[in-house]
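> Build me a model:
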Amino acid sequence: MLITPKRLEIEGVTLEILKEEDVNYVYNLNNGRMLKTKDDIENYLSQHEWKNSEPMVNFLFQRKKGSWSNLTIMSTIFKATNLKWAMNIVNLINILKLSFLKLLLVNILLLVPFIFKLSSVDIGNSFPNLWVLIPTIVISSIIIAFFHEISHYQAYFSVVKTKRMRIGFSLLYLNIFTFFAELPFLNLLSIEDKKRTILAGVRIQLFINSILILMYIFTGNIYLFFVIIINSYTIFANLSPFSRMDGYWYISNIMGVNSYSEELYLQLSGKKPKTPLVLALGITNIVVIIVGIIITYMGIVKYFF
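Numbering: from 1, shown residues only. Here you go, the predicted model:
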């Protein structure tokens, strides 16, 4: 089922509104804020009553506050029409009917010839020029990350017909730099549509990785080797069920909750009954985050001091 949010312009602020049963979900495209209300929000805003409400003024015009767990460094808004070329590229794997599991299997099968080719190359004697390697890794990582987020949006856009998209760069838990695409109405999608949207980013990475591995097998290019290693690492990182990566949202979706960390808080505060799976995952997630922060900053201190 296609979902088309209503668009509303209020003094230069673009709002997207979706109604689910008797609840209005209002997304502020300008600052990334979301409002949930049972009030007739369109009528309220059109009559300018909001000007007397400080919370509504803040929602419309104030910048979204960051937090230590998710600090936005920068973001920009793209029109869907300007991203059509990128979505058409991403759609190629849909045309080829390449599912996540198929692409994962292809990558596993390619490991044998990849390792065989690697064993025939003396990396020590053919180590690349760092002045070429570093820009190659940075540029390729940015391009892959861009298509990762576009893939999320393309899957989301196939259900939710938004006209604009916000892509940005953020710092998670003070130690993980990551790109993001805001999908404000994701939690209103069906479980299957959510699963498809969440896995879309890693799916395109697996597709790119299979092409890179094939290129490396035929050419033995040492720069391709390092790009493959970095991309493979980010695939595993994104599939992690912790630290709010793609795997985290996928597991939460399977559990039937929006976020198992938020569910943990509700259970520990007595607002919901405790369940073993949420407690186990939630507490493990906290431990993983703390350990990650400690290792990161111990490494920084050790490097500089």
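
> Glu11 versus Lys51, what's the distance?
Going from Lys51 to Glu11 by Cβ to Cβ, to the nearest Å gives 10 Å. (Each C-beta comes from the backbone N, C-alpha and C, glycine too.)

> To clarify, my last question referred to Tyr44.
Plainly put, Tyr44 is 15 Å away from Glu11 if you go by Cβ to Cβ.

> the more surrounded of the two?
Set side by side, Tyr44 and Glu11 show more neighbours around Tyr44, with 15 against 10, by other Cβ atoms under 10 Å.

> Provide a list of residues in contact with the residue nearest to the more buried one when sequence neighbours are not counted.
Spatially, and ignoring its direct neighbours in sequence, Tyr44 is nearest to Trp50 (6.4 Å; Cβ to Cβ, 6 or more residues apart in numbering). Neighbouring residues of Trp50 by Cβ atoms under 8 Å, 6 or more residues apart in numbering: Ile10, Tyr44, Met56, Val57, Leu60.

> Report the two members of those separated by the largest distance.
Spanning the widest gap among the contacts of Trp50 are Tyr44 and Val57, at 12.9 Å by Cβ to Cβ.

> follow-up on the earlier one: from the contacts of Trp50, which would you call buried?
Neighbour counting with 16 or more other Cβ atoms under 10 Å marks Ile10, Met56, Leu60 as buried within the contacts of Trp50.

> what distance separates the strand or helix carrying the second one from the centre of its chain?
Counting by DSSP states H and E, the secondary-structure element that holds Met56 is helix 54-61. Using Cα atoms, centre = their mean, to the nearest Å, the distance from the centre of helix 54-61 to the centre of the chain it belongs to is 27 Å.

> what's the following helix or strand after it?
Next in sequence after helix 54-61, counting helices and strands by DSSP H and E, comes strand 70-79.

> tell me which residues in that following strand are buried?
For strand 70-79, the neighbour count (16+ other Cβ under 10 Å) marks Thr72, Ser75 as buried.

> now swap in stretch 222-237 and tell me
Those would be 222-228, 230-232, 234-235, 237, for stretch 222-237 by 16+ other Cβ under 10 Å.

> Contacts for that stretch next, please.
With Cβ under 8 Å, 6+ apart, stretch 222-237 has contacts from 114, 118, 121, 123, 126-128, 132-133, 136-137, 140-141, 144-145, 202, 205-206, 208-209, 212-213, 215-216, 245.

> For the stretch 151-300 of the chain, which segments are assigned as strands?
Assigned by DSSP state E, counting those that start in this stretch, the stretch 151-300 of the chain shows strands spanning 164-172, 176-181.

> now for these, which one comes closest to Lys271?
Nearest of the strands of the stretch 151-300 of the chain to Lys271, taken as Cβ to Cβ: strand 164-172 at 25.5 Å.

> Give me the contact list for the closest one.
Residues from elsewhere that reach strand 164-172, judged by Cβ under 8 Å, 6+ apart: 14, 29, 32, 69-80, 83, 146, 149, 153, 157, 177-182, 243-244.

> And stretch 184-197, by the same measure?
1, 3, 5, 16, 18, 20, 25, 27, 34, 152, 155-156, 159-160, 183, 250, 253-254, 256, 258.

> These, buried ones only, as a PyMOL selection?
To isolate the buried ones among the contacts of stretch 184-197 in PyMOL, judged by 16+ other Cβ under 10 Å, type:
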select buried, resi 5+16+18+25+27+152+155+156+159+160+183+250+253
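
> Can you list which of the contacts of stretch 184-197 are found in helices?
Counting by DSSP state H, the contacts of stretch 184-197 place His152, Ala155, Tyr156, Tyr250, Asn253, Ile254 in helices.

> which one of these sits closest to Val278?
Nearest to Val278 out of the ones in helices among the contacts of stretch 184-197 is Ile254 (Cβ to Cβ; 12.2 Å).
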